[in-house]
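Visitor: What would the 3D arrangement of this be:
(chains A and B)
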Amino acid sequence: DGGITQSPKYLFRKEGQNVTLSCEQNLNHDAMYWYRQDPGQGLRLIYYSQIVNDFQKGDIAEGYSVSREKKESFPLTVTSAQKNPTAFYLCASSIGGTGRPGELFFGEGSRLTVL
Amino acid sequence: AQSVTQLDSHVSVSEGTPVLLRCNYSSSYSPSLFWYVQHPNKGLQLLLKYTSAATLVKGINGFEAEFKKSETSFHLTKPSAHMSDAAEYFCVVSDMAGTASKLTFGTGTRLQVTL
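Guide: Sure thing, here's the model as predicted:
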């Protein structure tokens, strides 16, 4: 079945450590996104990529980094510069361009806890 | 600038009774509007979308929403709630020329369904 796979589902990190969250899709979508979800705040966009080898900052990119070397993959690194990294992270994809804007397919999320 | 307000953070209904989740939006353009559903510790799933066609939009699982431009509203309804409807619901707005990078998420409404 086509979909988006995020791993790990749960992740614990010590302060000062970088961690990388994986996101893989087999939907052949051009666009991919990372969102952060905190209780009562909805979803906030961290980074997005419309095409391989290109990505843009979203609303809360500070302390995060991404890469898009393959169409299927869009990993997110939470760096030690992110002051409050404990959150639920969601990866999504869409057809991209002007095709069906707003129609996102989401993975099941990764919950990061800083100890 | 666009924004979306979900008027209730929590709604509780009895199984078999109607559901009403309220959403008001603000947009400088002709908006596209969406409702997404999120079950606990899962990703979001698209319920339905409005993109300037029929103002009454039908979605999955018996949900529907009506776009009312004069009231800047896009309320989500269902005639009869089922226990499986218990989840968090997000109203989302996007400007017509935008891509998913311009989506604005509401803060969510948690729907509780009781016996």
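Visitor: and the residue nearest to A:Gly40 when sequence neighbours are not counted, how many neighbours?
Guide: Nearest non-adjacent residue to A:Gly40, counting by C-beta to C-beta, 6 or more residues apart in numbering or on different chains: B:Thr107, 5.9 Å away. C-beta here means a position set from N, CA and C on the backbone, and glycine is covered the same way. Each residue near B:Thr107 was counted by other C-beta atoms under 10 Å in any protein chain shown, and the total is 16.
Visitor: Surely B:Thr107 is in contact with A:Arg44?
Guide: No. Assessed by C-beta atoms under 8 Å, B:Thr107 is found out of contact with A:Arg44, at 10.8 Å.
Visitor: Let me see the contact set for A:Ser49.
Guide: A:Ser49 makes contacts with A:Ala31, A:Met32, A:Tyr33, A:Phe55, A:Gln56, A:Val66, A:Arg68, A:Phe74, as judged by C-beta atoms under 8 Å, 6 or more residues apart in numbering or on different chains.
Visitor: Which residue ranges of chain B form strands?
Guide: Using DSSP state E, the strands of chain B run over residues B:3-6, B:10-14, B:19-21, B:23-26, B:31-38, B:44-50, B:56-58, B:64-68, B:73-78, B:87-95, B:104-105, B:109-114.
Visitor: Reformat those strands into TSV and put mean neighbour count, distance to chain A and mean pLDDT next to each item.
Guide: Formatted as TSV, the strands of chain B follow (neighbours: other C-beta atoms under 10 Å in any protein chain shown; distance: least, C-beta to the nearest C-beta, whole Å; pLDDT from 0 to 100):
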stretch	mean neighbour count	distance to chain A	mean pLDDT
strand B:3-6	18	8	94
strand B:10-14	14	11	98
strand B:19-21	18	14	98
strand B:23-26	19	12	95
strand B:31-38	24	5	93
strand B:44-50	20	5	94
strand B:56-58	13	13	95
strand B:64-68	18	14	95
strand B:73-78	20	13	98
strand B:87-95	24	4	91
strand B:104-105	22	4	92
strand B:109-114	17	10	97
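Visitor: Overlap of the contact sets of B:Thr107 and A:Arg44?
Guide: By C-beta under 8 Å, 6+ apart, no residue touches both B:Thr107 and A:Arg44.
Visitor: Point to the residue nearest the middle of chain B.
Guide: B:Trp35 (3.3 Å; C-alpha atoms, centre = their mean).
Visitor: circling back: need the contact list for the residue nearest to A:Gly40.
Guide: So B:Thr107 contacts A:Gly40, A:Gln41, A:Gly42, B:Gln6, B:Ser9 (C-beta under 8 Å, 6+ apart).
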